[in-house]
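pasting a predicted model and its sequence here:
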Amino acid sequence: MRILSYNIHKGIGGRDRRYQLDRIIHVIEHENPDLICLQEVDRNVRRSRFDNQPRILSKIFHMENSLYQMNVHLKSGGYGNLILSRWPIISHHHISIKLKKKKTRGAQIAVVETPEGSLQLVNWHLGLADSERHWQVDHLLNHRLFLESEGIPSMIIGDFNDWRNSLEKADFKENGFHQITHPPSRFRSFPAYMPVGSLDKSYFRGNLHVREARIVKSKVTKAASDHCPLVIDFHLNGNEPS
């Protein structure tokens, strides 16, 4: 099974500042993921031609199992997180991870019924301040809506904005999570045209086997967004091939 996480920057190139959603579509299509977790997805905003990006992407990838969480509201629309799945989403929640007067942030919690069993999936985009991110992780891991699916394999993925990788030991290891995107030097994803920071990360807990994880770097990813996408191939519940 394959999952892709991508901060698409509203479909606007990180260097040329041009809105071309087709470039994002090309990148995702080339990887052919089963699960897609996106951040900074626009809906009805002038800069992206008032496109309904969640609807467009859902139709193009033929994924009717779609969840959109608008976090930042603008004049006529806004932007946020999007989960697309080839498989049924049997439960889902959208929670706020906004700290005090900081920018509005959100996390999507979904239980996906994959061919290999249930997976609890979290898609999010964390804040810019270190203390804010630590609070956000603690808030999620102790949230009743996250804990209600305890016992099944969990994967947390997205734009962590964790330049120094400070969340790994202090927050995730203490709660039984393992980082997939380790060491950070192998997973530099930002800025896309010359990646130096490992911002796009993933952690898992439970019976989950990772076959391969990588940052996608190509001529198109350098132009399409300000981040490169993260792709992970994995199996659940001992279903990995021998």
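Structure received.

show me the strands in the chain, by range?
Along the chain, the stretches classed as strands by DSSP state E are 2-7, 35-43, 65-73, 78-85, 89-96, 106-114, 117-125, 154-159, 178-179, 200-205, 208-215, 230-236.

turn the ones you listed into TSV, columns for mean neighbour count.
(C-beta placed from N, C-alpha, C; glycine too.) As requested, the strands of the chain are exported to TSV (neighbours: other Cβ atoms under 10 Å):
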stretch	mean neighbour count
strand 2-7	24
strand 35-43	26
strand 65-73	19
strand 78-85	24
strand 89-96	16
strand 106-114	21
strand 117-125	23
strand 154-159	25
strand 178-179	18
strand 200-205	24
strand 208-215	16
strand 230-236	21
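
which residues touch the spatially most central residue of the chain?
Compute the mean C-alpha point of the chain, and by Cα atoms, centre = their mean the closest residue is residue 158, 2.9 Å away. The contact partners of residue 158, taken as Cβ atoms under 8 Å, 6 or more residues apart in numbering, are 5, 7, 37, 39, 81, 122-126, 200-202.

for residue 89, same thing?
Per Cβ under 8 Å, 6+ apart, neighbours of residue 89: 65, 67, 83, 110, 111, 112, 113.

looking at the strands of the chain, which is closest to residue 53?
Ranking the strands of the chain by their distance to residue 53 (criterion: Cβ to Cβ) puts strand 35-43 first, at 5.0 Å.

list the buried residues in stretch 22-32.
Buried residues in stretch 22-32, counted by 16 or more other Cβ atoms under 10 Å: 23, 24, 25, 27, 28.

got those residues as TSV, with distance to residue 221 and pLDDT columns?
Below are those laid out as TSV (distance: Cβ to Cβ, whole Å; pLDDT from 0 to 100):
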residue	distance to residue 221	pLDDT
23	9	98
24	10	98
25	13	98
27	6	98
28	10	98
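
what's around residue 1, how many residues?
Neighbour count for residue 1, taken as other Cβ atoms under 10 Å: 19.

which pLDDT does the model give it?
We have a pLDDT of 98 for residue 1.

ok, it - contacts?
Applying Cβ under 8 Å, 6+ apart to residue 1 gives the contacts 34, 35, 114, 115, 116, 233, 234, 235, 236.

check the residues you listed and tell me the two furthest apart.
Maximum distance among the contacts of residue 1 (Cβ to Cβ): 14.2 Å, for 115 and 233.

where does pLDDT dip in this protein?
238-242 (pLDDT under 70).

go again with 50.
For the chain, the stretches with pLDDT under 50 are 242.

circling back: now render the strands of the chain as TSV, adding distance to residue 139.
Output for the strands of the chain, formatted as TSV (distance: least, Cβ to Cβ, whole Å):
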stretch	distance to residue 139
strand 2-7	20
strand 35-43	18
strand 65-73	15
strand 78-85	16
strand 89-96	8
strand 106-114	9
strand 117-125	11
strand 154-159	13
strand 178-179	19
strand 200-205	15
strand 208-215	23
strand 230-236	23
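
so which of these comes closest to residue 194?
Of all these, strand 208-215 sits nearest to residue 194, with 12.8 Å by Cβ to Cβ.

so what secondary structure elements neighbour that closest one?
Contacts defined by 3 or more Cβ pairs under 8 Å, 6 or more residues apart in numbering; DSSP states H and E place strand 208-215 against strand 200-205, strand 230-236.
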